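Q: The sequence and its predicted three-dimensional model are supplied below.
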Amino acid sequence: MNYTIIGNSAAAIGAVEAIRGHDRRGEIVVVSKEPHRVYSRPLITYLLAGQIAEDHMFYREKDFYRRKKIRTLLENEVEAIQPKQRRLLLKSGETLNFEQLLIAVGGSPIVPQVEGVHLKGVFTFMTWDDAEEMRRYMEEYSIESVVVIGGGLIGLKAAEAFMGLGLQVTVVELMDRILSVTFDKRASEIVERQLKSRGIRLITENTVEKILGNHNRVEGVILKDQRGINCQMVVFGIGVLPNINLVKDTSIRFDKGIQVDDHMETNISGIYAAGDVVEIPDVLQETVRPIAIWPNAYRQGWIAGSNMAGIPKRYEGSFAMNSIDICGIPTISVGMIQASGNGFKILQQLDRKKESYRKIILRDGVIVGAIFVGEIDRAGIYTGLIRERIDVSGFKDILLREDFGLISLPKEYRKHLVRGEGIFL
Amino acid sequence: MKRIHIHEEYCIGCRLCEIHCLVQHSKSRKILKAFKEEFPRAVSRVFVEEHGYLSFALQCRHCEEAPCLEACITGAMQRDKRTGAVLCDEERCVGCWMCIMVCPFGVIKRALESKKVASKCDLCLGEEVPVCVQNCPNEALTFEEGSQT
């Protein structure tokens, strides 16, 4: 059997590890645009901030490809997928025949086409090379101030890194608060206060209309309200969109992302997709959408790989979840973050002194969302209850109590958990 | 692989498992030194939950399909090939807490000083039987082949 994988991040590695769990001999080929062996993209903020060494960027050990018997075609871009001929055309002119294909090409940063976007000093922040180019630019031109566009997870982690490097940082956010997608108002406020106290400037309900340049290099931005900010660098951290270009002229179905069934297979038999490039059922919001997060990407890749190797596995669907530590505040948000209407009940606990905040959203007796700021211990218990749709109405009053634990759960669920087979059924 | 099985009906809530686990993960592995001389004090990786007359000791289940392994962004969380245990390489952990977000048992804890994963059962690597099991006076923890039924 031949397995060909386009992409070399979480979903791709999940697939490789699943395939090799069942098939030691089949040929695996990994094609990746980037020159690096598999590394962790979320770590680029840590690398930029100088918090980790380059050695620690790698997601798997050095001899990973050799041990897994993988042929890698790094720094190699796929030009076209030809499903009928079961063939890939590479930009290098080569062709690659495949039997089973996994498309795990991820997403690309959103860059609005504002004036000045092509100036030197304008960056997106997703890959190792992005971080490397940024670092070189900062050194070469002794950058002192930067404008980060987007107050979401990527934008804020970038802002934190720049602040650590001693830069003047301004974050410009379109909504009326930062982290509006993953947090509610209260949670946002806690983090906003912390960021401001560290010297990061936050401008909300605004956006960059124009990037100003001099000698082809950034020297400032003009905001929507015509305010000007001096800076030598602009970083886009607005979000990512699935890389669907590769399937646009093929018979592979897509909408916002590549469409897959619960085996992670596309409408073409033997062609799978996983990770940030797909759209997937959001089991809490009853929609289908791309949910670009690391744990889902690995899981989907793993499910795809199992199926490719002939071991039927179904994907249970996703929901959004994020865990980041911003300026020393640990935060976790899972599932729905805001709710209004019938059937919802909200439990919350705010400790102003400790700046900790915990909130749980129930819908018809089942947890559908949770936010933890400052105090995140045992948060995964709630994620488990969301995933398994456990009716918590019998013990909802103790859900946020300090001693809440497995002991508070129905005996059946507890026994099922401690068996240790993993939570995925 | 051999796993720690939990028998809540036998647990008397004595917390000897917690004490022995802490000592095992201290520098000296000596009980008096671990409590009186080593600061920050080592932390136990097993937790006794107690409510009325019901109690049980809980530690990492070393899941077959471990959510923490899938969620770890650095690759620090790894499966030990020899024992099957899920271990955290603290050198590589950056403290993003994805593992805490997805562990349905809530058995992964933060080390506040180092901002790394602190508390993660390692099945007492090198010991034939984990110390929590060795020292349980009522076989409320046992170390057995296969999954608990």
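A: Now that the structure is in, tell me what you want to look at. Residues are numbered from 1 along each chain as shown, chains lettered A, B, ... in the order given.

Q: Any regions of chain B where pLDDT drops low?
A: B:113-115, B:118-119, B:149 (pLDDT under 70).

Q: mind listing the strands for it?
A: Shown for chain B, the strands assigned by DSSP state E span residues B:2-6, B:47-51, B:54-58, B:77-79, B:86-88, B:109-111, B:116-119, B:141-145.

Q: which stretch among those comes nearest chain A?
A: Evaluated with Cβ to the nearest Cβ, the strands of chain B place strand B:47-51 nearest to chain A, the distance being 4.0 Å. From N, CA and C alone the C-beta is placed, and that goes for glycine too.

Q: quick one: the closest one to strand B:54-58, angle?
A: 160 degrees (axes from the mean of the first three to the mean of the last three Cα atoms, to 10 degrees).

Q: Tell me which of the strands of chain B sits nearest to A:Val172.
A: strand B:109-111 (31.9 Å; Cβ to Cβ).

Q: List the buried residues of that closest one.
A: Neighbour counts over strand B:109-111 (16 or more other Cβ atoms under 10 Å in any protein chain shown) mark B:109-110 as buried.

Q: now stretch A:368-381
A: Going by 16+ other Cβ under 10 Å, stretch A:368-381 has these buried residues: A:368-376, A:378-381.

Q: What of stretch A:393-400?
A: Using 16+ other Cβ under 10 Å as the test for burial, stretch A:393-400 gives A:399-400.

Q: Other residues contacting that stretch?
A: A:345, A:347-349, A:358, A:360, A:362, A:365, A:367, A:382, A:392, A:404, A:408-410 (Cβ atoms under 8 Å, 6 or more residues apart in numbering or on different chains).

Q: tell me how far the ends of that stretch are from each other?
A: By Cα to Cα, to the nearest Å, the extent of stretch A:393-400 from end to end equals 13 Å.

Q: can I see the domain layout of chain A?
A: As assigned by automatic domain parsing, chain A contains the domains A:2-108+A:242-308, A:122-238, A:328-418.

Q: Tell me the secondary structure of the residue in the stretch 101-250 of chain A that chain B sits nearest to, please.
A: Closest contact between the stretch 101-250 of chain A and chain B, by Cβ to the nearest Cβ, is at A:Lys157 (9.8 Å). Classification of A:Lys157 using DSSP: H, G, I helix; E, B strand; the rest coil returns helix.

Q: picking that back up, how about the strands of chain B in a markdown table, adding distance to chain A?
A: Below are the strands of chain B laid out as a markdown table (distance: least, Cβ to the nearest Cβ, whole Å):
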| stretch | distance to chain A |
| --- | --- |
| strand B:2-6 | 5 |
| strand B:47-51 | 4 |
| strand B:54-58 | 6 |
| strand B:77-79 | 9 |
| strand B:86-88 | 10 |
| strand B:109-111 | 7 |
| strand B:116-119 | 10 |
| strand B:141-145 | 11 |
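
Q: what's residue 127 in contact with, if anything?
A: This is for chain A. Contacts of A:Thr127 (Cβ under 8 Å, 6+ apart): A:34, A:41, A:44.

Q: that's the wrong chain, I wanted chain B
A: Counting by Cβ under 8 Å, 6+ apart, B:Glu127 has contacts B:24, B:134.

Q: Going by length in residues, pull out the top helix of chain A.
A: Counting residues, the longest helix in chain A under DSSP state H turns out to be helix A:294-308.

Q: Could you pull up phi and psi at the residue of chain A most remote from its centre?
A: Ranked by distance from the centre of chain A (Cα atoms, centre = their mean), the top residue is A:His215, with 35.5 Å. Backbone torsions of A:His215, given as degrees, to the nearest 10, read phi 50, psi 40.

Q: Surely B:Val133 and B:Thr142 touch.
A: Yes. The pair B:Val133 and B:Thr142 qualifies as a contact (Cβ atoms under 8 Å) at a distance of 6.3 Å.

Q: need the longest helix for chain B.
A: Chain B, longest helix under DSSP H: helix B:16-24.

Q: which outside residues touch that one?
A: With Cβ under 8 Å, 6+ apart as the criterion, helix B:16-24 contacts B:29-31, B:34-35, B:41-48, B:57, B:59, B:121, B:124, B:127, B:131-137, B:141.

Q: buried ones in that helix?
A: Neighbour-count burial for helix B:16-24 flags B:16-24 (criterion: 16+ other Cβ under 10 Å).

Q: same thing with stretch A:22-35?
A: Within stretch A:22-35, the residues scored as buried using 16+ other Cβ under 10 Å are A:23, A:26, A:28-34.

Q: How many neighbouring residues does residue 2 have?
A: Defaulting to chain A. Using other Cβ atoms under 10 Å in any protein chain shown, A:Asn2 has 14 neighbouring residues.

Q: that answer is for a different chain, and I need it for chain B
A: Considering only other Cβ under 10 Å, B:Lys2 is surrounded by 18 other residues.

Q: what's near enough to touch A:Ala159?
A: Each residue near A:Ala159 by Cβ under 8 Å, 6+ apart is listed here: A:148, A:169, A:171, A:195, A:200.

Q: Go again with 10 Å.
A: Residues counted as contacts of A:Ala159 (Cβ atoms under 10 Å, 6 or more residues apart in numbering or on different chains) are A:45, A:146-148, A:150-151, A:167, A:169-171, A:178, A:195, A:198, A:200-202, A:235, A:237, A:326-327.

Q: Model confidence score at it, please.
A: As predicted, A:Ala159 sits at a pLDDT of 97.

Q: picking that back up, is it possible to export the buried residues of stretch A:22-35 to CSV including pLDDT and secondary structure?
A: Shown next, in CSV, are the buried residues of stretch A:22-35 (pLDDT from 0 to 100; DSSP: H, G, I helix; E, B strand; the rest coil):
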residue, pLDDT, secondary structure
A:Asp23, 97, coil
A:Gly26, 97, coil
A:Ile28, 98, strand
A:Val29, 98, strand
A:Val30, 98, strand
A:Val31, 98, strand
A:Ser32, 98, coil
A:Lys33, 96, coil
A:Glu34, 97, coil
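
Q: and which of the residues you listed is nearest to A:Arg67?
A: Once Cβ to Cβ is applied, the member of those that ends up nearest A:Arg67 is A:Ile28, at 11.8 Å.

Q: And that closest one, how close does it get to chain B?
A: 19 Å (Cβ to the nearest Cβ, to the nearest Å).

Q: same deal with A:Pro330?
A: Per Cβ to the nearest Cβ, A:Pro330 is found 6 Å from chain B.

Q: go on, A:Asn307?
A: 15 Å.

Q: so is the closest residue to that residue other than its chain neighbours in a helix, a strand, or just coil?
A: Spatial nearest neighbour of A:Asn307, chain neighbours left out: A:His263 (4.6 Å); criterion: Cβ to Cβ, 6 or more residues apart in numbering or on different chains. What three-state DSSP gives for A:His263 is coil.

Q: and the most centrally placed residue in chain B, what does it touch?
A: Note on chain B: the residue nearest the mean C-alpha position is B:Cys121, at 2.4 Å, using Cα atoms, centre = their mean. Going by Cβ under 10 Å, 6+ apart, B:Cys121 touches B:4, B:21, B:25, B:44-47, B:58-62, B:85-87, B:107-108, B:130, B:132.

Q: again, only using 7 Å
A: B:45-46, B:59-60, B:107 (Cβ atoms under 7 Å, 6 or more residues apart in numbering or on different chains).

Q: Which of the residues you listed are buried, as a ChimeraX select command?
A: Buried subset of the contacts of B:Cys121, written as a ChimeraX selection, criterion 16+ other Cβ under 10 Å:
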select /B:45,46,59,60,107
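
Q: and which of the contacts of B:Cys121 is nearest to A:Ile211?
A: B:Val107 (48.2 Å).

Q: Excluding sequence neighbours, find me the nearest residue to the closest one.
A: Nearest residue to B:Val107, sequence neighbours excluded (Cβ to Cβ, 6+ apart): B:Cys60, at 5.0 Å.

Q: Would you quantify the distance from that neighbour to B:Cys132?
A: From B:Cys60 over to B:Cys132 the distance is 11 Å, taken as Cβ to Cβ, to the nearest Å.
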